[in-house]
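Participant: sequence first, then the predicted structure:
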Amino acid sequence: MIRELLAVALGAVLGLVLVVAPGPAIRLSVVGGPTQRRGDYGTDKPVPERWRWIARALGVACLAIAAWIGYRTFV
């Protein structure tokens with residue numbers, strides 16, 4: 001029961017982060033590529049819109065899986 005509750009919470013939080021803030025989530029992940037510490041603050045390349053939509057889709061998938069686990073466990 002605790003394991004399922006933690007899975008639902010983690011899936012919901014990860015899904016919300018990916019849906020609400022896909023750009024920062026990609027920059028913090030390994031998928032965004034290696035970070036280069038050269039240059040001035042704020043001169044990072046913007047995250048391509050295609051990657052943002054992929055992150056949002058993954059976020060929706062995480063939310064759906066969390067909802068499914070929660071439904072199967074608690075209903």
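Facilitator: Thanks, I have it.

Participant: nearest residue to the middle of the protein?
Facilitator: Centroid-nearest residue in the chain, with Cα atoms, centre = their mean: residue 18, separated by 3.2 Å.

Participant: and that one, helix, strand or coil?
Facilitator: helix (DSSP: H, G, I helix; E, B strand; the rest coil).

Participant: state the distance from residue 68 to residue 10.
Facilitator: 14 Å (Cβ to Cβ, to the nearest Å). For every residue, glycine as well, the C-beta is placed using N, CA and C.

Participant: need the helix or strand of the chain with the lowest average pLDDT.
Facilitator: Every helix and strand of the chain was ranked by mean pLDDT, DSSP states H and E. The lowest is helix 22-28, at a mean of 87.

Participant: that one: which residues count as buried?
Facilitator: By 16 or more other Cβ atoms under 10 Å, the buried positions in helix 22-28 come out as 22, 25, 26, 27.

Participant: and what of stretch 47-67?
Facilitator: 47, 51, 52, 55, 56, 58, 59, 62, 63, 65, 66.

Participant: now find how far off-centre that stretch is within its chain.
Facilitator: Distance of stretch 47-67 from its chain centroid, counting by Cα atoms, centre = their mean, to the nearest Å, is 7 Å.

Participant: ok, residues contacting that stretch?
Facilitator: 7-12, 14-20, 22-23, 25-27, 31-32 (Cβ atoms under 8 Å, 6 or more residues apart in numbering).

Participant: same question for stretch 15-27.
Facilitator: 32, 35, 44, 46-47, 51-53, 55-56, 58-63, 66.

Participant: filter these down to the ones in helices?
Facilitator: Those of these mapping onto helices are 51, 52, 53, 55, 56, 58, 59, 60, 61, 62, 63, 66, per DSSP state H.

Participant: okay, the first one: pLDDT?
Facilitator: I take that to be residue 51. At residue 51, the model reports a pLDDT of 92.

Participant: next: residue 31.
Facilitator: 55.
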